[in-house]
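> Have a look at this prediction, sequence included:
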Amino acid sequence: MSRYLEIAQGLSVLMASGSLRPGDPLPSVRSAALQHHVGNGTVVHAYAVLESQGLIETRPRSGYYVRQKHDPSDIPNLGLQQPSLVDGDSRARLQCMLGDLMVSQTTLLGSSFVDPALFPLHALKKGLIASMKDPSLSVPVADSLLGLPRLRRAIANRYMEMGYTVPLDEIVITNGGMEAIYLALKATTKAGDVVLIDSPMFFGGLQLIQQLELTTIELPTHPTQGLDLGQLETALTKYKISACLLMTNCHNPLGFSLPEIKKMEMMRLLRKYDVPLVENDVYSELQYDFRHIRAAKAFDTSGLVLHCGSFSKCLAPGFKIGWVATGRHKEKVASLKFVTSLGTNVPTQAAIAHYLRYNSYDRHLRRLRTTLQSRVARMIQAVDLHFPVGTRYTRPGGGFVLWVQLPNSVDSLFLFDTAALSNIGIAPGPIFSASPGYQNYIRLNCSHEWTDSIEDTIRWLGGKISGLVGR
């Protein structure tokens, strides 16, 4: 375990035992560094871990303190109380329009892309150059369809290291995570079928469901506890559900990871009703926790889970390389892959395989997680400082986005339009639901390096939100 994690874990144990109580000061960075025989940066990283978990807080010109016990009322409310059946396309135009607008802004608080400066682009470029000289690029058609064998082998080894059992021949390489989800849904559903989803849900998935002409059942998702398994079983009993599309780790936009014990129970229910799970796990490598929380795929004993992963959020965003571990649906997924895109770019596959073999992927991930955790904590501080009373927000356990509930009278679509006029992009809540909802919610991207410009932007947003309160 890294030293900063050891320090953070030691302090969290002291807080849990009551040796450090709410309001107690922590040693200064310099004092803690001397105490633990580490550099100041290691202590800063350790404190960032604890701060992002809501265990400590900074006080201007004073230092770090143990935070008061978290009040559950500070967490955003469930925007949806009961499962909701949605069979229309009234939201599709809104989702497409806002999706296009958000990626065009210069201040990318609304995007779902990590700051590209955080990725090892030079090492990936070297891998790409090396792959271009590799005579084995002329791969057989079968290998071209399923993906480069050495990359599939590297992914299978990664699964094994984390405690999964995923055979090599179950893995199909795709053009990014979205194609993986598309192939998985297409393999398990047809137009008109019912698919169960979590709510709120990333808007790209909602657009995909709309394109496939599927009917959705939205299941309320708690910001820290995830799905209510009782409601899940009720929905499985009441409706003929063809598949579930769920995000169980580093949920976008809520930021939680479903505990493994709950995933085991969820898989028991899905086996009982023989319903496939399309598991969107593209953020899984961005967990902040001391121990990696495995996806539901780890508890799949009957091939029901189509596990969708990607390197876009954690290593190589522009390479558009993802995969799906197909379970019992390999033949159908392979057939669909053939008729949609035939194969996936081989040089970029080879470059990532080269990186995974010759570079320290885990070291890169540790740095990435630490940086994202620190930047999320910084965004939380700014929201606390600049947004009006009544604002609530999540405490993400991974990833790089913050889900913010604004006072009830604030219309996030109006705020979106207002911000766009100043070339500021935010993600308004309604695009995260197939049915009308989340009118006073927004999602913020926290991955970019903190600058005076971002601070000014959050201050400006806070002023506009305050002006809308009670309007």
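Thanks, I have the structure now. Since we're looking at a predicted model, the values are computed, not measured. Numbering: from 1, shown residues only.

> can you give me the end-to-end distance of stretch 189-197?
End-to-end span of stretch 189-197 (C-alpha to C-alpha, to the nearest Å): 14 Å.

> If you count neighbours, what's buried in that stretch?
189, 193-197 (16 or more other C-beta atoms under 10 Å). In short, each C-beta sits where N, CA and C put it, glycine included.

> same deal with stretch 428-448?
Result for stretch 428-448 [16+ other C-beta under 10 Å]: buried residues 428-435, 437-448.

> Export it to CSV, keeping only CA atoms.
Presented in CSV, the C-alpha positions along stretch 428-448 are these (Å, rounded to 0.1, in the frame of the first residue of the first chain):
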residue,chain,number,x,y,z
PRO,A,428,-28.2,20.1,-16.2
GLY,A,429,-30.1,17.4,-14.2
PRO,A,430,-32.9,16.6,-16.6
ILE,A,431,-30.6,15.0,-19.2
PHE,A,432,-29.9,12.3,-16.7
SER,A,433,-33.4,10.9,-16.8
ALA,A,434,-35.7,9.4,-19.4
SER,A,435,-38.7,11.1,-17.7
PRO,A,436,-39.0,14.7,-16.6
GLY,A,437,-37.0,15.2,-13.4
TYR,A,438,-33.9,16.5,-11.7
GLN,A,439,-34.9,20.1,-12.6
ASN,A,440,-32.8,21.6,-9.8
TYR,A,441,-29.7,19.3,-10.2
ILE,A,442,-26.5,19.8,-12.1
ARG,A,443,-23.3,17.7,-12.6
LEU,A,444,-19.9,19.2,-12.5
ASN,A,445,-16.6,17.9,-13.9
CYS,A,446,-13.9,18.2,-11.3
SER,A,447,-11.0,16.7,-13.2
HIS,A,448,-9.3,19.9,-14.5
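
> tell me how far it is from the chain's mean position?
Remark: stretch 428-448 is offset 14 Å from the chain centroid, using C-alpha atoms, centre = their mean, to the nearest Å.

> Likewise for stretch 323-338?
Relative to where its chain is centred, stretch 323-338 has its mean C-alpha point 23 Å off (C-alpha atoms, centre = their mean).

> ends of it, how far apart?
Note: stretch 323-338 ends 14 Å apart using C-alpha to C-alpha.

> Same question for stretch 27-44.
11 Å.

> Quick check: mean pLDDT of that stretch?
Mean per-residue pLDDT for stretch 27-44: 89.

> Buried residues, it. List them.
27, 29, 32-33, 36, 38, 42-43.

> What of stretch 224-239?
In stretch 224-239, counting by 16+ other C-beta under 10 Å, buried: 226-227, 231-233, 235-236.

> can you check stretch 398-418 too?
398-407, 410-412, 415-416, 418.

> pretty sure L245 belongs to a strand, no?
Yes. Using DSSP: H, G, I helix; E, B strand; the rest coil, the assignment for L245 is a strand.

> Write down the beta-bridge partners of it, one by one.
I197, V278 (DSSP bridges).

> Might you report the residue contacts of it?
If you count contacts by C-beta atoms under 8 Å, 6 or more residues apart in numbering, L245 has them with 181, 185, 195-197, 201, 205, 209, 278, 280.

> In strands only, show me those residues.
195-197, 278, 280 (DSSP state E).

> Now that we have those residues, can you turn them into a markdown table and tack on pLDDT?
Shown next, in a markdown table, are the ones in strands among the contacts of L245 (pLDDT from 0 to 100):
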| residue | pLDDT |
| --- | --- |
| V195 | 97 |
| L196 | 97 |
| I197 | 97 |
| V278 | 98 |
| N280 | 97 |
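
> what's the closest of those residues to G110?
Using C-beta to C-beta, N280 comes nearest to G110 of these, at 19.6 Å.

> and the closest one, how far is that from H329?
16 Å (C-beta to C-beta, to the nearest Å).

> Could you check which of the two has the larger neighbour count?
N280 (31 against 23; other C-beta atoms under 10 Å).

> follow-up on the earlier one: and which of the buried residues of stretch 398-418 is nearest A8?
When the buried residues of stretch 398-418 are compared against A8 (criterion: C-beta to C-beta), the nearest one is G398, at 14.9 Å.

> Which pLDDT value does the model give that closest one?
Model confidence at G398 (pLDDT) stands at 93.

> Ok, L121 next?
The per-residue pLDDT of L121 was computed as 88.

> Pull up the gap between it and N445, please.
From L121 to N445 the distance is 19 Å (C-beta to C-beta).

> top strand in this protein by residue count?
strand 215-222.

> Which residues does it contact?
78-87, 192-201, 206, 209, 227-228, 231-232, 235, 239, 241, 251, 254, 256, 433-435.

> swap the cut-off to 7 Å and go again
78, 80-87, 192-200, 209, 227-228, 231-232, 235, 239, 241, 254, 433-435 (C-beta atoms under 7 Å, 6 or more residues apart in numbering).

> Just send the buried residues of stretch 224-239 back as TSV, with distance to K263, secondary structure and pLDDT too.
TSV is the format used below for the buried residues of stretch 224-239 (distance: C-beta to C-beta, whole Å; DSSP: H, G, I helix; E, B strand; the rest coil; pLDDT from 0 to 100):
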residue	distance to K263	secondary structure	pLDDT
G226	9	strand	92
L227	10	strand	91
Q231	16	helix	94
L232	12	helix	95
E233	15	helix	95
A235	17	helix	96
L236	16	helix	96
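
> starting at the chain centroid, how far to stretch 425-441?
The answer for stretch 425-441 is 17 Å, by C-alpha atoms, centre = their mean.

> Cool, thanks, signing off.
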